[in-house]
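Asks: my questions are about this predicted structure, shown below with the sequence.
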Amino acid sequence: MVTMIRKTIKSFVGRLFTAPVNKGPQRLTRDVHGIDRRLVSRHAIKVCEVLSQHGYDAYIVGGAVRDLIAGLKPTDFDVATNATPEQIRPLFRRARIIGRRFQLVHVVFGREIIETSTFRASSTNGEFTDEHGRILRDNLFGSQEEDAARRDFTLNALYYDPLNEVVIDYHNGVADLKNRVVRMIGDPDVRYREDPIRMLRAMRFAAKLDATIEPATLAPISKLAPLVDNVPSSRRFDELLKLLTCGQAMECLRGLREAGLHQSVLPLLDKVFATEGGERFLELALERTDVRVRTGKSVSPSFLFASLLWVLVRDRSQHYVERGEHPNQALVIAADDIISQQSRAMPIQRRFVADMRDIWFMQPRFERATPRATWRLVEQPRFRAAVDFLQLRAEAREVDSVHAQWWMDLADGDRDTRAEMIDAMQPRKSGTQPGRRRRRRRPRRRSDTDTDTDTDTDTGTQETSSPQGSTTSSAPASSAANSGKRGGPRRKGSNE
């Protein structure tokens, strides 16, 4: 009896905390979903057309459908089909199979890549999971319905047919999307264990769509947050970049802190917020990033991470200066310290670390640049990024804004403009900085042939012509006289 009651309660709670399940998918026409086909990538449409012509089903899926319905511009387009990777690849001139855990096909059209995957089914017996429930291998092909069930959130389980302009919705994802609700498909506890990155994705979707995470979807996150450490650092890094470039970066970081998820990706975030002016500096930096994302401009990961960690590097550098280190060396040591601390949780890729160092180490050089040093700075690969960073520091009132604007004008100018600006700084520099004291040259020793002195080696006396033409005699040179008396070798050029 007790067991039956428990099963009844568990079933009732399960129905409350999971998305409603329909007997069949909804087929939503354009007047309902509102997707404008003109905004869809022509290459994604082409992939669907080719697969359809060869008898396969093909749909645009994932974030592209979600963003199009939400009125946002998609960054990329993915296609899902019932064709296997081996069946997809021969249909396109430039296509390759990639992936270990997920095998899929990259169809290449110039610079655009259409990621094409096969409908998948979830593994029910758990033979491909680790001790925490994380899926290690998931390459079981299935039907479209099974594929929809294994996706993470309802707003991502949407299939758009660009040929008929119909959206197929198995889990009321369009309704959740329009109501701005982030809801997990299935049991959130189990789904987070299958892939802990889903917790980070929930925070990103909530911030990007200005949505609310459904209570049952939100509840397990704080408890399961440490499981993110089990995910390979490369996946964590990729997801963090998506968080920072979604257009609502600061909201994402605040959400990560509230849920305790930041410890696996940005463990130093608490210190940044606790540092005086740290939160304000992040707001300014990420606000600039959001503007670039919304206007379709590229974002540099190096600049992002340089901004995230700068206040810690700056304060650490000052600590070493107070202990007697040279400012330049102090900055190098501080950068090593902070990057090392970050790497213990999630290493930043080396190429980005190198660029971050260049941006940081150029900052003090802006303060005391000479004309020659200015030309060397201009030639640096990360010069423009470093100048943008200087502008950010000026906005945060770390440096003089007029000084920062001079460097920005220099970066924006052509070579002639730069030459004029750098030439104009010469008088100012010479007037404010004392010049080096010129080193006096030692007078060159005059050889015997350069003098007007005639030496008489027989008598040991020197006869020198005076200005009046008279001659004067000097005392005999003892060394020459003695040399002659002892029969030593005569000097070259002496009289025989």
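Replies: Nice, thanks for sending it over.
Asks: residues contacting the closest residue to Leu269 other than its chain neighbours?
Replies: Nearest residue to Leu269 in three dimensions, chain neighbours excluded: His262, at 4.7 Å (Cβ to Cβ, 6 or more residues apart in numbering). Every C-beta, even on glycine, is put in place using the N, C-alpha and C of the backbone. His262 sits next to 253, 256, 269-270 when contact means Cβ atoms under 8 Å, 6 or more residues apart in numbering.
Asks: same thing with Gln26?
Replies: So Gln26 contacts 168-170, 172, 174 (Cβ under 8 Å, 6+ apart).
Asks: most widely separated two among the residues you listed?
Replies: Comparing every pair within those by Cβ to Cβ identifies Ile168 and Asn172 as the most remote, at 12.2 Å.
Asks: list only buried entries from the contacts of Gln26.
Replies: 168-170, 172, 174 (16 or more other Cβ atoms under 10 Å).
Asks: ok, back up a step: mind checking which of the contacts of Gln26 are in helices?
Replies: Val174 (DSSP state H).
Asks: which one of the contacts of Gln26 is nearest to Ala369?
Replies: Val174 (57.0 Å).
Asks: looks like the closest one contacts Arg27 (just checking).
Replies: No - between Val174 and Arg27 there is no contact under Cβ atoms under 8 Å: 11.1 Å.
Asks: mind listing the shared neighbours of the two?
Replies: In contact with both Val174 and Arg27: Val167, using Cβ under 8 Å, 6+ apart.
Asks: quick revisit: need the buried ones from the contacts of His262 selected in PyMOL.
Replies: Buried residues among those (16+ other Cβ under 10 Å), as a PyMOL selection:
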select buried, resi 253+256+269
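Asks: what's the closest of the buried ones among the contacts of Gln26 to Arg372?
Replies: Val174 (62.9 Å).
Asks: ok, the closest one - contacts?
Replies: 26, 28, 32-33, 69, 158, 167.
Asks: buried sites along the helix or strand encompassing His106?
Replies: Take DSSP states H and E as the rule and His106 turns out to sit in strand 104-109. Using 16+ other Cβ under 10 Å as the test for burial, strand 104-109 gives 104-107, 109.
Asks: pLDDT averaged over that strand - what is it?
Replies: Across strand 104-109, pLDDT averages out at 96.
Asks: helices or strands up against it?
Replies: Counting contacts by 3 or more Cβ pairs under 8 Å, 6 or more residues apart in numbering; DSSP states H and E, strand 104-109 packs against helix 42-53, helix 85-88, strand 95-98, strand 112-118.
Asks: what does the second one contact?
Replies: Looking back up the chat, that one is helix 85-88. Contacts of helix 85-88 (Cβ under 8 Å, 6+ apart): 51, 56, 81, 95, 97, 103-105, 107, 116, 118.
Asks: just among those residues, which is most surrounded?
Replies: Thr116 (28 neighbours; other Cβ atoms under 10 Å).
Asks: neighbours of the residue lying closest to Arg150 once chain neighbours are set aside, how many?
Replies: Nearest residue to Arg150 in three dimensions, chain neighbours excluded: Ser122, at 4.3 Å (Cβ to Cβ, 6+ apart). Ser122 sits with 16 neighbouring residues when counted by other Cβ under 10 Å.
Asks: tell me the contacts of Ser122?
Replies: Ser122 touches 138, 140, 142, 146, 149-150, counting by Cβ under 8 Å, 6+ apart.
Asks: and this protein, what are its domains?
Replies: For the chain, automatic domain parsing gives the domain ranges 20-186, 193-261, 270-429.
Asks: so which of the ones you listed is the most surrounded?
Replies: A comparison of the domains of the chain by mean neighbour count, using mean count of other Cβ atoms under 10 Å, puts domain 193-261 on top with a mean of 19.
Asks: between the two ends of that domain, how far is it?
Replies: This stretch, domain 193-261, spans 14 Å end to end (Cα to Cα, to the nearest Å).
Asks: hmm, Pro327 is touching Pro364, no?
Replies: Yes - using Cβ under 8 Å, Pro327 is in contact with Pro364, at 6.2 Å.
Asks: what strand or helix carries Leu381?
Replies: Let me fix one detail, which is that residue 381 is Pro and not Leu. Here Pro381 is assigned to no helix or strand, by DSSP H and E.
Asks: show me the contacts for the closest residue to it other than its chain neighbours.
Replies: Distances taken as Cβ to Cβ, 6+ apart place Asp358 nearest to Pro381, at 7.4 Å, with adjacent residues excluded. Contacts for Asp358 were tallied using Cβ under 8 Å, 6+ apart; they are 380-382, 385-386.
Asks: hang on, isn't Ala44 packed against Val61?
Replies: No - counting by Cβ under 8 Å, Ala44 stays clear of Val61, with 10.0 Å between them.
Asks: tell me which helix or strand comes right after whichever strand or helix holds Ile338.
Replies: Assigned by DSSP H and E, Ile338 belongs to helix 327-345. Remark: after helix 327-345, the chain's next helix or strand is helix 350-367, criterion DSSP H and E.
Asks: what about that following helix, average pLDDT?
Replies: On average, helix 350-367 scores 95.
Asks: pick out the shakiest of the domains of the chain, pLDDT-wise.
Replies: domain 20-186 (a mean of 90).
Asks: hang on, the earlier thing: tell me the one among the buried residues of strand 104-109 nearest to Pro196.
Replies: Out of the buried residues of strand 104-109, the member with the shortest distance to Pro196 (by Cβ to Cβ) is Leu104, at 21.4 Å.
Asks: since that was my last question, I'll sign off now.
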